[in-house]
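Participant: Pasting the sequence and the predicted model now:
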Amino acid sequence: MDDWGIDELIKNGGAMIMNNNDVFKTTIENDLKEIAKCKLDILILNRQNDVLCKQNNEEIERLNNVVGNRELSLEENLSKSGEKKIETTAGWCAYRVMPDKWEYDDDKIIEYCKSNNKPYYHTVDIAERMKLKTAILTHQEEYIPGVTVTSQEPKFNYKIKGGL
């Protein structure tokens, strides 16, 4: 067989027949070209995504800053109004009264209760905080070492009608 496939052409009456290796080679070449094209498209799309994501992230940051500034404005205007709650057609904003924060030092409480025969603990040496709190609030007890009551600032919140 010669380099040009002339012998093959003559044998087959002038019809060019590709052998299996040529078919595989052509298919592989087409697959490789398509893969290269797709990979290039993927690179281009990834670059576009990077640009779009950066733009979107910048816009999200800008919008979050707007929301934060508007929340500060809401709270400032509510505070200046002297009201606890203001309702509008768009929603409301209010100060929610927060309960005092109670902190307990169980070791000191138990020591105090044992030495003063107070019923604010179990025999397993756990302070009964609800009974203790009730006793303090109803002025049955004025001071118990290990109990700290801290007033909390009202918590600011708001709601936009429509669920946002």
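Facilitator: The structure has been received and is ready for your questions. Residues are numbered from 1 along each chain as shown.

Participant: Going by C-alpha atoms from here, please, whenever you check contacts or count neighbours.
Facilitator: Will do.

Participant: what residue ranges in this protein score low on pLDDT?
Facilitator: Scanning the chain for pLDDT under 70 picks out the ranges 1-19, 123-124, 163-164.

Participant: Domain-wise, how is this protein divided?
Facilitator: With domains defined by automatic domain parsing, the chain comprises 1-82, 91-160.

Participant: Just say which of the ones you listed is most tucked in.
Facilitator: Ranked by mean neighbour count under mean count of other C-alpha atoms under 10 Å, the domains of the chain are led by domain 91-160, which reaches a mean of 14.

Participant: from the middle of its chain, how far away would that one be?
Facilitator: Computed by C-alpha atoms, centre = their mean, to the nearest Å, the separation of domain 91-160 from the middle of its chain amounts to 33 Å.

Participant: With stretch 67-85 instead?
Facilitator: From the chain centre to the centre of stretch 67-85 is a distance of 25 Å (C-alpha atoms, centre = their mean).

Participant: ok, now stretch 74-86?
Facilitator: 29 Å.

Participant: residue contacts, the residue lying closest to Met98 once chain neighbours are set aside?
Facilitator: Nearest non-adjacent residue to Met98, counting by C-alpha to C-alpha, 6 or more residues apart in numbering: Pro154, 5.3 Å away. By C-alpha atoms under 8 Å, 6 or more residues apart in numbering, the contact set of Pro154 is Tyr95, Arg96, Val97, Met98.
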